[in-house]
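> I would like the atomic coordinates for the input below:
(one chain, ligands or ions: 1)
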Amino acid sequence: MSAQQAFLGTPQARMSSVRAPRGAPVTGQLVDKFGRVHRDLRISLTDRCSLRCTYCMPEQGMQWLAKPTLLTTEELLRLTAVAVDLGIEEVRLTGGEPLLRRDIIDVVTGIRAIHGPAGPPEVSMTTNALGLERTAEALAAAGMGRVNVSLDTLRPDRFRELARRDRLDDTLAGIRAAYRAGLHPLKLNAVLMRGINDDEALDLLDFALEHGYEMRFIEQMPLDAQHGWTREEMVTGAEILASLRQGHELVPVGQRGSAPAERYLVDGGPATVGVIASVTAPFCGSCDRVRLTADGQLRNCLFAQAETDLRTPMREGASDDDLAGLFHECLAGKRPGHGIDEPGFLQPPRPMSAIGG
Ligand code: SAM
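Coordinates of the predicted model:
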């Protein structure tokens, strides 16, 4: 059964609003005033998570989004269809933990059934892999192409401390299931923290090489709910590379395009490793990402202070063209860079878990 046929069997199929809007006026691609064309939409499906990673959120006391503010499946698909008609070609589902959304399969099926100017968008997901053992096959059948899984340590005791849950085995089982289901390339994301897991860079890379996964290391960013980030504590991309080079020869691949990771061939390839140095080597000049939060707010940057409310106008009867206009309005305000190094830098009011990483 094709994704389109699968979609026709869902309740969303009965809503004409999930189709990419057709006909005049065509509002055009999402180009900002610096000429950046936006093709990648990150959708946060929920701000809730099944883990409590120390660098992301506190153990208790998080203020969750109120349920009535969360986009329904049908609202989410409608906004995605508007975005696809504006040139979005890739949709990444994230959170919080996207697998906590009960409608995840309907969401993937519905997105793959949207036909924009470049055909249906690619769908991928960033996940902690809890629940992936149960859902990987269905996600692949619904049209998901690949997944990125967060894995910061291979040591059970450390995992328990870092994620505040004893779930390393479940995470690894989820990773294996995703690989078996063909969700490739399967990328593993690790955030290294000084004195906590920065001694595992090589182990993580070797683990990925052994299993055919692609390892990526992300510099820790000032996006934690506790506002505890400090530049001194952050393990830099240069430090990560130095650790990896103790065990492997790394040669830059180049041709990065709009991808956040600088990739390196490991020992002559074909395996690669990626380093996402968002803080020390920002890649804002080629950013093609725009983000939709679980409560329907559009953000033009992870670090944006302002958001464009799509939920309220949509619920008050805005047309697809009105919503397309709001996408353009949001992008018009995009700044040239995230500004972490600027003197007046302020961490955004929402933490990473509520924006969608
Ligand atoms: N729950 C999913 C997961 O664990 O992948 C998706 C959401 S999580 C916020 C997405 C990614 O953001 C993860 O790879 C996580 O490690 C990363 N992340 C969270 N807080 C971060 C921070 N302060 N700096 C850098 N990366 C962060």
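> For stretch 224-237, what does the pLDDT average out to?
The predicted model assigns stretch 224-237 a mean pLDDT of 92.
> Give me the distance between the two termini of it.
Stretch 224-237 stretches 19 Å from its first residue to its last (Cα to Cα, to the nearest Å).
> One more: stretch 55-71?
As for stretch 55-71, its first-to-last residue distance stands at 27 Å under the measure Cα to Cα.
> for stretch 222-232, same thing?
Using Cα to Cα, the distance between the terminal residues of stretch 222-232 is 12 Å.
> Please give me every residue in contact with residue 178.
Under the criterion of Cβ atoms under 8 Å, 6 or more residues apart in numbering, the neighbours of residue 178 are 129, 132, 136, 147, 149, 186. Bear in mind the C-beta positions are built from the backbone N, C-alpha and C, glycine included.
> residues in the chain within reach of the ligand, list them.
With the criterion set to Cβ under 6 Å from any ligand atom, the chain comes near the ligand through 49, 55-56, 94-95, 97, 126-128, 150, 189, 191, 218, 220-221, 223-224, 352-353, 357.
> doesn't residue 45 make contact with residue 104?
Yes. With the criterion set as Cβ atoms under 8 Å, residue 104 and residue 45 qualify as a contacting pair; they are 7.0 Å apart.
> So for the two, which residue has more residues nearby?
Taking other Cβ atoms under 10 Å, residue 104 and residue 45 do not tie; residue 45 has more neighbours (26 against 23).
> Make sure that one is actually in contact with residue 107.
Yes. The pair residue 45 and residue 107 qualifies as a contact (Cβ under 8 Å) at a distance of 6.9 Å.
> any idea how far residue 353 lies from residue 121?
With the distance defined as Cβ to Cβ, to the nearest Å, residue 353 ends up 24 Å from residue 121.
> Please list all residues in contact with residue 280.
Taking Cβ under 8 Å, 6+ apart as the contact definition, residue 280 lies against 219, 236, 237, 238.
> how much space is there between the third one and the ligand?
When distances are taken as Cβ to the nearest ligand atom, to the nearest Å, residue 237 and the ligand turn out to be 12 Å apart.
> Please check the contacts of residue 280 and keep the buried ones.
Listed as buried from the contacts of residue 280 are 219, 236, 237; burial here means 16 or more other Cβ atoms under 10 Å.
> Spatially, and excluding backbone neighbours, which residue is closest to the last one.
Taking Cβ to Cβ, 6 or more residues apart in numbering as the measure, residue 237 lies nearest to residue 277, with 3.1 Å between them; neighbours along the chain are not counted.
> and what of residue 211?
Setting aside the residues directly before and after it, residue 211 is nearest to residue 179 in space (Cβ to Cβ, 6+ apart), at 7.1 Å.
> What count of nearby residues applies to that neighbour?
If we define neighbours as other Cβ under 10 Å, then residue 179 has 19 of them.
> so it is in which element?
Element membership for residue 179 (DSSP states H and E) is helix 168-180.
> how about residue 71, phi and psi?
Listed backbone geometry of residue 71 is phi -70, psi 140, with angles given as degrees, to the nearest 10.
> Name the nearest residue to it, ignoring sequence neighbours.
When the adjacent residues along the chain are set aside, residue 71 lies closest to residue 296, with 4.9 Å between them (Cβ to Cβ, 6+ apart).
> Can you show me the strands along the chain?
Counting by DSSP state E, residue ranges of the strands within the chain are 40-44, 90-94, 122-127, 146-150, 187-191, 214-218, 250-252, 262-266, 272-276, 289-292, 297-299, 308-309.
> Adding mean neighbour count, distance to residue 342 and mean pLDDT as columns, could you present those in a markdown table?
As requested, the strands of the chain are arranged in a markdown table below (neighbours: other Cβ atoms under 10 Å; distance: least, Cβ to Cβ, whole Å; pLDDT from 0 to 100):
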| stretch | mean neighbour count | distance to residue 342 | mean pLDDT |
| --- | --- | --- | --- |
| strand 40-44 | 24 | 23 | 98 |
| strand 90-94 | 23 | 26 | 98 |
| strand 122-127 | 23 | 27 | 98 |
| strand 146-150 | 23 | 29 | 98 |
| strand 187-191 | 22 | 23 | 98 |
| strand 214-218 | 23 | 21 | 98 |
| strand 250-252 | 15 | 28 | 97 |
| strand 262-266 | 19 | 23 | 97 |
| strand 272-276 | 22 | 20 | 97 |
| strand 289-292 | 24 | 20 | 98 |
| strand 297-299 | 24 | 18 | 98 |
| strand 308-309 | 17 | 22 | 98 |
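> can you tell me which of the ones you listed comes nearest to residue 114?
Proximity to residue 114, assessed across these by Cβ to Cβ, is greatest for strand 90-94 (8.9 Å).
> residues in contact with that closest one?
Strand 90-94 is contacted by residues 39-45, 80, 83, 104, 107-108, 111, 121-127, 356-357 when judged by Cβ under 8 Å, 6+ apart.
> what sits against the residue lying closest to residue 165 once chain neighbours are set aside?
Spatial nearest neighbour of residue 165, chain neighbours left out: residue 51 (5.3 Å); criterion: Cβ to Cβ, 6+ apart. With contact taken as Cβ under 8 Å, 6+ apart, residue 51 is in contact with 97, 128, 130, 163, 164, 165, 167.
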